[in-house]
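Peer 1: Here's my sequence, what's the structure:
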Amino acid sequence: MSLAYRLRAQMRWRGIKSQTQLARISGVGQPTIHRILKCDETYMPARITIQRLAEALDITPAWLEGNIGIGPPPASRPPTDGYDDEIKVLMARLPTDARKKIVAVVRLIAQEQAACGQPPGPMPETAPGASEAP
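Peer 2: Sure, this is the predicted structure:
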């Protein structure tokens, strides 16, 4: 499997819907992510780029580069829709008072959803290569 294939598969598994979203989460520029995903296998980004992408996707740089194993690495956390990671990155940049306000708004929305009996958001996709039960 190529770097592009592994990166694309992990983006899907993590619920990251666009190159721009991965760029915001990882700190890697969208043009660099585009080049990785669209270029031939001769392109190899800088080590720091691989490290940032791997950290954002909660995988090892070695796995992303294709140096270990043939299957996806074990996930240390369940997959999400990708917004969790983006919110985490954005929140880290804000002062404490702004983070408190955002948490208060999210709590209100969650309480409203629960009161209306609405289920949580859509389930994430299954892992690449995983089979679904019938």
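Peer 1: gap between residue 62 and residue 5?
Peer 2: As defined by C-beta to C-beta, to the nearest Å, residue 62 lies at a distance of 16 Å from residue 5. Glycine gets a C-beta too; all of them are placed from N, C-alpha and C.
Peer 1: again, but for residue 51
Peer 2: Summarising the geometry, the distance separating residue 51 from residue 5, computed by C-beta to C-beta, is 19 Å.
Peer 1: Then residue 99?
Peer 2: Going from residue 99 to residue 5 by C-beta to C-beta gives 37 Å.
Peer 1: Any stretches of this protein with poor pLDDT?
Peer 2: By pLDDT under 70, the weakly predicted segments of the chain are 40, 68-81, 118-134.
Peer 1: Now do the top helix by length along it: which elements does it pack against?
Peer 2: With residue count as the measure and DSSP state H as the assignment, the chain has helix 96-115 as its longest helix. Contacting helix 96-115 under the criterion 3 or more C-beta pairs under 8 Å, 6 or more residues apart in numbering; DSSP states H and E is no other helix or strand.
Peer 1: Many thanks, have a good one.
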